[in-house]
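Enquirer: Next one to model:
(chains A, B and C)
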Amino acid sequence: MSKNLRNQNAGSDMDFFTRVYQVVRMIPSGKVSTYGAIARFLGSPQSARMVGWAMNNSHTQKDYVPAHRVLNRNGMLTGKHHFGGSKVMEELLESEGIQIVDDSVVDFHAHLWDPNAELI
DNA sequence: CTCGTGACTCCCC
DNA sequence: AGGGGAGCCACGA
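Expert: As a prediction, this is how the structure comes out:
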């Protein structure tokens, strides 16, 4: 299944957004990923912005999308404003065992879940 | 239909 | 070292 999400698989009939949502749903609780890693996994490293856009629209999805687990490449909570409150995203992550200081994940690399490495 | 914009990132001065 | 530009694609005005 994970293989079908990769863009290099020309047979994929899902659009970019849909694949973004699928990947984000695979991020395990207690882990985080990045816009860039997801974009790269989908075969468009330059389309990290689209991942952000997808997260912006993720609330329109029927199925839950853990958008709070997606951060920028520095492990900063750049999208926290879109969670209504300024602390909502932070609290969601901390409830999953991730420590946040100054809008950044503590020991970010240790919590990083990279689909390129995990979903081969 | 064209234009601007965005939860990003990389490359090049 | 840090700032600026380009690339990416969808969507609303």
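
Enquirer: use CA for all of it now, contacts and neighbours both
Expert: Noted.

Enquirer: nearest spatial neighbour of residue A:72, skipping sequence neighbours?
Expert: For residue A:72, ignoring the flanking residues on the chain, the nearest one in space by C-alpha to C-alpha, 6 or more residues apart in numbering is residue A:34 at 5.2 Å.

Enquirer: Run through the bridge partners of the one you found.
Expert: residue A:71 (DSSP bridges).

Enquirer: Quick one: residues contacting it.
Expert: Listed by C-alpha atoms under 8 Å, 6 or more residues apart in numbering, the contact partners of residue A:34 are A:70, A:71, A:72, A:73, A:75, A:114.

Enquirer: next one: residue A:40
Expert: Contacts here follow C-alpha under 8 Å, 6+ apart; on that basis residue A:40 touches A:46, A:48, A:116.

Enquirer: where does it land in three-state SS?
Expert: Under DSSP: H, G, I helix; E, B strand; the rest coil, the three-state class of residue A:40 is helix.

Enquirer: how near is it to DNA strand C?
Expert: Residue A:40 sits 11 Å away from DNA strand C, taking C-alpha to the nearest atom of the strand, to the nearest Å as the criterion.

Enquirer: Show the pLDDT at residue A:46.
Expert: Per-residue pLDDT puts residue A:46 at 89.

Enquirer: Quick check, it in contact with residue A:35.
Expert: No - using C-alpha atoms under 8 Å, residue A:46 makes no contact with residue A:35, being 10.1 Å away.

Enquirer: Settle it for me: which of the two has more neighbours?
Expert: In this view residue A:46 and residue A:35 are compared by other C-alpha atoms under 10 Å, and residue A:35 has more residues nearby, 22 against 10.

Enquirer: Against residue A:58, how distant is the more buried one?
Expert: Between residue A:35 and residue A:58 the distance, using C-alpha to C-alpha, to the nearest Å, works out to 14 Å.

Enquirer: Can you give me every residue that contacts the residue most central in space within chain A?
Expert: Centre of chain A computed as the mean C-alpha position; nearest residue by C-alpha atoms, centre = their mean is residue A:70, 3.2 Å away. Contact partners of residue A:70, counting by C-alpha under 8 Å, 6+ apart, are A:24, A:32, A:33, A:34, A:35.
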